[in-house]
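[1] only geometry, no sequence info:
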């Protein structure tokens, strides 16, 4: 009888595992143990949006956050005084309010594509005592969506308009790259998410309380889903109970679901000092990426919830603010949600799945005022655990946009931007976090820019799922 060659079998298993994870460039960790590797572009590139105050000022920035092993704790990683240890950053030439207008939502595709969506949230979610930021839309209008391939930033520096606005309160069913929106206070796009399994986008539209499914290459509307009351066309933002804001796509084994946040009750935008309520729902997709719902009679590309196809996932999201503007998922299935509203009463919450229920997981305190200084953007990111040799750990950071990050440790001043937090959570005491977490201030002014921070998303290219 031929002897079994266990060494050969072990080698074969390694090859199978590596092939299954598609890690030609990098053998990546599996959320438990970091493995030495060299990452490939554009992993670790982090995109942040923010409000602009003038026609020539920026509305977004890209940070190269992959090599974060030496990032300074309790200080601004973007501080020019750090010299060669400063984080590398890029401000694309066309990411200015004069070109693409105010933007909030961010979606990243599986390679190097960045999608930005038009917004009026910087006015809508501002308390009365804050200076609000001007309403400004780019060439795409109030429902505009813009695309940038960041692999061309050093040469072409081109941002294209993928989706434009149909100046109407009702979709015309022609399957073009237009989304209906009539503008008005707060009325624009809630947020945007990318479905890498089917190479498509999902967009929440505040004009009609619907989710638009788009071709990620052409921007053409493929279908529309109305999860609650059927829309009765009228100009302006829909009422609370119909408002959809944050959106995210999660692949759970064989199933792909789109998760979306609904504002149930909302206080006047001029105060935001009283509690509002919100919940999170999901809709499953078919194998072709279509909504698993019932077509509306006579409108085959419009789906509604008459068959109770959407599922209530979390009935009362933690926190006091009415707007959940961002939803993100880790590779092992945890869910982050970020509130936006009052700059010192808005939270970031994490949930994990237990059976069919989502239960609270780790705690994340953003900002140096109350620890509830969320600006409404959140995502998971990679931690560099060693530089010699290089090794990384998936989803070991939580990055959140926030206000009033008082850098006590360095004495630099106030950061308005992004905070990097351990994925295991941080301290309820904001002063403690100001010494341990990582911060990014996009303009290095270290003074008041409250309410201007937007969304944040990170390329996590080689994380095994």
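    Okay, I see it. Quick caveat: nothing in here was measured; it's all calculated off a predicted structure. Residues are numbered from 1 along each chain as shown.
[2] The helix or strand harbouring residue 420 - what's its average pLDDT?
    Secondary structure assignment for residue 420, by DSSP states H and E: strand 414-422. Across strand 414-422, the average pLDDT comes to 95.
[3] after the strand or helix carrying residue 263 comes which helix or strand?
    Element membership for residue 263, per DSSP H and E: strand 255-265. Counting by DSSP H and E, the element after strand 255-265 in chain order, helix or strand, is strand 277-284.
[4] those strands in the stretch 301-450 of the chain, which residues are they?
    In the stretch 301-450 of the chain, the strands defined using DSSP state E, counting those that start in this stretch lie at 311-314, 323-329, 335-340, 348-354, 357-364, 374-387, 390-406, 414-422, 438-441.
[5] who wins for proximity to residue 42 among those?
    Evaluated with C-beta to C-beta, the strands of the stretch 301-450 of the chain place strand 374-387 nearest to residue 42, the distance being 11.9 Å. For the C-beta atoms, the positions are set from N, CA and C on the backbone; glycine is no exception.
[6] Quick one: the helices in the stretch 101-250 of the chain, in order.
    Listed in chain order, the helices of the stretch 101-250 of the chain (DSSP state H, counting those that start in this stretch) span residues 121-124.
[7] Point out where it drops to low pLDDT.
    Within the stretch 101-250 of the chain, the segments meeting pLDDT under 70 span 127-129, 131, 155-156.
[8] Just give the number of residues close to residue 199.
    Residues lying near residue 199 (other C-beta atoms under 10 Å) number 13.
[9] residues in contact with it?
    Neighbouring residues of residue 199 by C-beta atoms under 8 Å, 6 or more residues apart in numbering: 109-110, 215-217.
[10] Pick the one among the residues you listed closest to residue 300.
    Nearest to residue 300 among the contacts of residue 199, with distances taken as C-beta to C-beta, is residue 215, at 16.9 Å.
[11] hang on, isn't that closest one packed against residue 200?
    Yes. Using C-beta atoms under 8 Å, residue 215 is in contact with residue 200, at 6.2 Å.
[12] More neighbours: those two, which one.
    Counted by other C-beta under 10 Å, residue 215 and residue 200 do not tie: residue 200 has more neighbours, with 20 against 16.
[13] Burial check on the closest residue to that one other than its chain neighbours, number of neighbours?
    Leaving out its chain neighbours, the residue that sits closest to residue 200 by C-beta to C-beta, 6 or more residues apart in numbering is residue 216, at 5.3 Å. Residues lying near residue 216 (other C-beta under 10 Å) number 20.
[14] Over to residue 175?
    14.
[15] and it, what does it touch?
    Residue 175 touches 220-222, 301, counting by C-beta under 8 Å, 6+ apart.
[16] Tell me the one among those residues nearest to residue 382.
    Nearest to residue 382 among those, counting by C-beta to C-beta, is residue 222 at 31.8 Å.
[17] Relative to residue 200, how far out is the closest one?
    Note on residue 222: its distance to residue 200, by C-beta to C-beta, to the nearest Å, is 7 Å.
[18] Overlap in contacts, the two.
    Residues touching both residue 222 and residue 200 (C-beta under 8 Å, 6+ apart) are 213-215.
[19] Tabulate those residues (TSV), appending distance to residue 326.
    What follows is the shared contacts of residue 222 and residue 200, written out as TSV (distance: C-beta to C-beta, whole Å):
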residue	distance to residue 326
213	19
214	19
215	23
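[20] Give me the mean pLDDT for stretch 344-354.
    On average, stretch 344-354 scores 95.
[21] Please apply the same query to stretch 365-377.
    Across stretch 365-377, pLDDT averages out at 95.
[22] Could you shift the numbering so residue one becomes 34, and keep it that way?
    In the new count, where the first residue is 34, that last one comes out as stretch 398-410.
[23] first to last residue in that stretch, what's the distance?
    Start and end residues of stretch 398-410 are separated by 13 Å (C-alpha to C-alpha, to the nearest Å).
[24] That stretch: how far from the chain's middle?
    Averaging C-alpha positions (C-alpha atoms, centre = their mean, to the nearest Å) puts stretch 398-410 16 Å from its chain's average.
[25] repeat for stretch 375-391
    For stretch 375-391, the distance to the chain centre is 15 Å (C-alpha atoms, centre = their mean).
[26] Please identify the buried residues of that stretch?
    375-384, 386, 391 (16 or more other C-beta atoms under 10 Å).
[27] which one of those residues sits closest to residue 281?
    Checking the buried residues of stretch 375-391 one by one against residue 281 (C-beta to C-beta), the nearest turns out to be residue 384, at 11.9 Å.
[28] Enumerate every residue touching that closest one.
    347, 367-368, 370, 391-394.
[29] at 10 Å what do you get?
    By C-beta atoms under 10 Å, 6 or more residues apart in numbering, the contact set of residue 384 is 313, 346-347, 350-351, 366-370, 390-395.
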